[in-house]
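In: Build me a model from this:
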Amino acid sequence: MPDSQPQEPAQPDRDASPPPGPPVPLIGPSGAAPEETPEAPGRTSLVLCGARLADGRTVDVRIGGGRIEAVGTAGSLSSPAPPCATRIDLTGYLLLPAPAEPHAHYDTALTADGDAPGAIGASPYGPRDPYAPGRVQRRAAEAALLQLGHGATAVRTHVRVGDVAGLRALRAVLRARHALRGLTDLTAVAVPRLLTGAAGADGLAMLREAVDMGAAAVGGCPDLDPDPAGYTEAVLEVAAEHGCAVDLHTDGSDPVRLSRLASVAGGLRPGVAVGPCDGLARLPGETAARAAESLAAAGITVVCLPQGGCGLPPRTADGPHTAPVRLLRTAGVRVVAGSGALRDTANPVGRGDPLEAAYLLASHGQAAPEEAYEAVSARAREAMGLPRVRIEAGFPAELLAVRGRTLAGTLSLAYSRLVVHRGRVVARTSAVREYCDATDPGGHAEAAATAAPEPGGPATGLPRQSQR
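Out: Okay, the predicted model is just below:
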């Protein structure tokens with residue numbers, strides 16, 4: 001069946017079934033991934049044929065060893081086919097660098113339907129202890145696969161440590177990371193609640209232990225600590241000791257606090273990110289501009305959440321609920337976009353789709369479509385310390401193919417997708433939409449002979465949708 005996108009194909013009557021390719025590896029109930037890795041000996045190379053690039057060119061792309069080996073004009077790399085190569089016809093698809101997710105919460109993901117304390121409804125995960133290690137691991141794996149299907153081949157998730165959960169949730173997320181190896185790259189940010197005073201001593205010790213366990217970054221929410229400045233200094237101290245990144249939650253409503261952060265964090269490597277900073281949009285324009293300039297001077301990245309917040313802290317003020325992206329970018333701040341909550345109590349309808357985040361930035365006038373997509377791809381990868389991806393020879397094969405002809409069109413109707421991670425196809429989604437013939441209640445005879453029965457009713461003919 002043709003895809004639901006109203007695109008103009010090279011062959012108007014062509015059946016736009018999902019592009020052929022190697023089978024997508026699956027994860028079983030235990031969360032275990034296949035043992036075979038993309039770099040395993042004997043794996044074939046991959047040739048993506050007839051893909052359209054964002055600059056309008058139609059190309060073939062040959063991939064091997066987890067990297068792009070060659071990019072040529074359409075037909076130049078696919079005929080004759082290289083030996084031991086798997087070909088995938090991407091006619092009608094736009095090929096892009098894959099998105100990355102810079103701000104997720106996998107320890108609480110997918111809890112809105114009954115896995116959180118006080119939630120209504122039966123939970124599919126057993127007794128209601130949201131931080132039971134097996135439960136967190138399964139939810140984290142499922143959330144990562146959902147986002148992988150959307151195209152995100154790398155994820156940074158914030159995980160709470162200390163208090164009741166201790167290090168159980170972090171340990172479970174790290175197990176999920178190991179199980180997902182070869183499918184997606186998952187890294188964790190350790191998020192303690194308190195770090196100052198007598199009550200914060202345990203949190204500080206646990207933060208250091210979390211880094212030793214495998215947390216790739218340290219963070220937290222200074223706004224929730226009695227001493228926000230002391231909290232920030234403690235996080236920066238641990239980051240400097242271990243040489244890890246910093247990723248802090250703040251609404252950015254206190255410009256003095258932001259300026260103080262910029263003064264002490266400027267130049268820290270491997271980098272400092274703050275978000276969602278939606279409070280900046282509620283400040284007077286001049287005040288917000290000065291705060292943005294201080295963040296830019298310090299090289300601090302702002303992670304905005306166009307799809308909604310993450311509940312740390314909960315929103316209490318009316319007004320804009322996303323960072324002022326245009327103002328920040330004008331000041332020279334690197335702005336990236338994340339998804340935030342994925343169907344937890346902070347956002348029960350969170351989708352975790354990077355393309356939706358880009359769509360919202362573009363539709364709200366905060367960025368052009370190209371800039372919006374960069375915020376969830378190239379800039380997000382840079383903020384996460386990942387290698388740059390370009391569709392050129394020598395770059396990592398982290399790619400997303402989306403049905404469509406232009407970037408703006410794919411952000412509008414990004415249904416069918418094919419995801420490449422480390423040189424192999426790891427996820428594929430195909431959407432088909434059909435319409436009944438308005439003048440013939442029974443449908444065309446030819447379509448009626450091939451249409452599948454409608455659930456709960458008799459078979460009705462639905463003609464194949466035109467691709468226009």
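
In: can I assume E69 sits in a strand?
Out: Yes: judged by DSSP: H, G, I helix; E, B strand; the rest coil, E69 forms part of a strand.

In: Which parts of the protein are helices?
Out: 133-150, 168-179, 197-213, 228-242, 255-265, 285-298, 325-330, 354-363, 369-376, 378-383, 407-412, 445-450 (DSSP state H).

In: For the first one, name the packing helices and strands.
Out: Which is helix 133-150. Applying 3 or more C-beta pairs under 8 Å, 6 or more residues apart in numbering; DSSP states H and E, one finds that helix 133-150 contacts strand 101-104, strand 154-161, helix 168-179, helix 354-363, strand 417-421, strand 424-429. Just so you know, the C-beta spots here come from the backbone N, C-alpha and C atoms, and that holds for glycine as well.

In: May I see the buried residues of it?
Out: Within helix 133-150, the residues that count as buried by 16 or more other C-beta atoms under 10 Å are 133, 135-150.

In: could I get the helices of the chain as a markdown table with distance to V191?
Out: Below are these laid out as a markdown table (distance: least, C-beta to C-beta, whole Å):
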| stretch | distance to V191 |
| --- | --- |
| helix 133-150 | 14 |
| helix 168-179 | 9 |
| helix 197-213 | 9 |
| helix 228-242 | 10 |
| helix 255-265 | 16 |
| helix 285-298 | 21 |
| helix 325-330 | 23 |
| helix 354-363 | 21 |
| helix 369-376 | 22 |
| helix 378-383 | 17 |
| helix 407-412 | 31 |
| helix 445-450 | 53 |
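
In: Now render those as CSV, adding mean pLDDT and distance to G162.
Out: Written out in CSV, the entries for the helices of the chain read as follows (pLDDT from 0 to 100; distance: least, C-beta to C-beta, whole Å):
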stretch, mean pLDDT, distance to G162
helix 133-150, 96, 15
helix 168-179, 97, 10
helix 197-213, 94, 5
helix 228-242, 94, 13
helix 255-265, 90, 22
helix 285-298, 95, 28
helix 325-330, 96, 31
helix 354-363, 96, 29
helix 369-376, 97, 30
helix 378-383, 97, 25
helix 407-412, 93, 39
helix 445-450, 43, 59
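
In: Among those helices, which comes closest to A74?
Out: For A74, the closest of these is helix 407-412, at 19.1 Å, according to C-beta to C-beta.

In: which residues are in contact with the closest one?
Out: The contact list for helix 407-412 (C-beta atoms under 8 Å, 6 or more residues apart in numbering) reads 5, 7, 54, 94, 96, 355, 358-359, 362, 369-370, 372-373, 402-404.

In: and A154, how many neighbours?
Out: 23 (other C-beta atoms under 10 Å).

In: didn't it look like it was pressed against R177?
Out: No: using C-beta atoms under 8 Å, A154 makes no contact with R177, being 11.3 Å away.

In: Can you pull the residues that touch both of these two?
Out: By C-beta under 8 Å, 6+ apart, the residues touching both A154 and R177 are L186, T187.

In: what pairs with I68 across the strands?
Out: Partner residues in beta bridges with I68, using DSSP bridges, are I63.

In: Pull the contacting residues for it.
Out: V61, R62, I391, E392, A393, G394, F395, P396, A397.

In: just those residues now: which is nearest D254?
Out: P396 (38.8 Å).

In: Quick check, pLDDT for that closest one.
Out: Model confidence at P396, given as pLDDT, is 98.

In: Touching, L361 and A337? I think so.
Out: Yes: in terms of C-beta under 8 Å, L361 counts as a neighbour of A337; the distance is 6.0 Å.

In: How is this protein divided into domains?
Out: According to automatic domain parsing, the chain is divided into the following domains: 1-97+389-433, 101-383, 442-468.

In: With distance to G66 added, can I get the helices and strands packed on helix 133-150 in CSV?
Out: Converted to CSV, the helices and strands packed on helix 133-150 look like this (distance: least, C-beta to C-beta, whole Å):
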stretch, distance to G66
strand 101-104, 20
strand 154-161, 14
helix 168-179, 18
helix 354-363, 21
strand 417-421, 9
strand 424-429, 8
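
In: tell me the most buried of those?
Out: Comparing those by mean neighbour count (mean count of other C-beta atoms under 10 Å), strand 101-104 comes out on top with a mean of 31.

In: What is that strand packed up against?
Out: helix 133-150, strand 154-161, strand 272-276, helix 378-383.

In: Which residues outside that strand are in contact with it?
Out: 143, 147, 152, 154-158, 247, 273, 275-276, 303, 305, 310, 336-340, 342, 352, 354, 380, 383-384.

In: how close does the residue nearest to E233 when sequence neighbours are not counted sit to A229?
Out: Nearest in space to E233, with sequence neighbours left out and distances taken as C-beta to C-beta, 6 or more residues apart in numbering, is V264 at 6.6 Å. Note on V264: its distance to A229, by C-beta to C-beta, to the nearest Å, is 9 Å.

In: again, but for G332
Out: Taken as C-beta to C-beta, the span from G332 to A229 is 25 Å.

In: Check G72 too.
Out: 56 Å.

In: Next: T157.
Out: From T157 over to A229 (counting by C-beta to C-beta), the distance is 26 Å.

In: R424 now?
Out: 47 Å.

In: Could you do L167 as well?
Out: Applying C-beta to C-beta to L167 and A229 gives a distance of 26 Å.

In: Mind checking which of these two has more residues around it?
Out: L167 (19 against 15).
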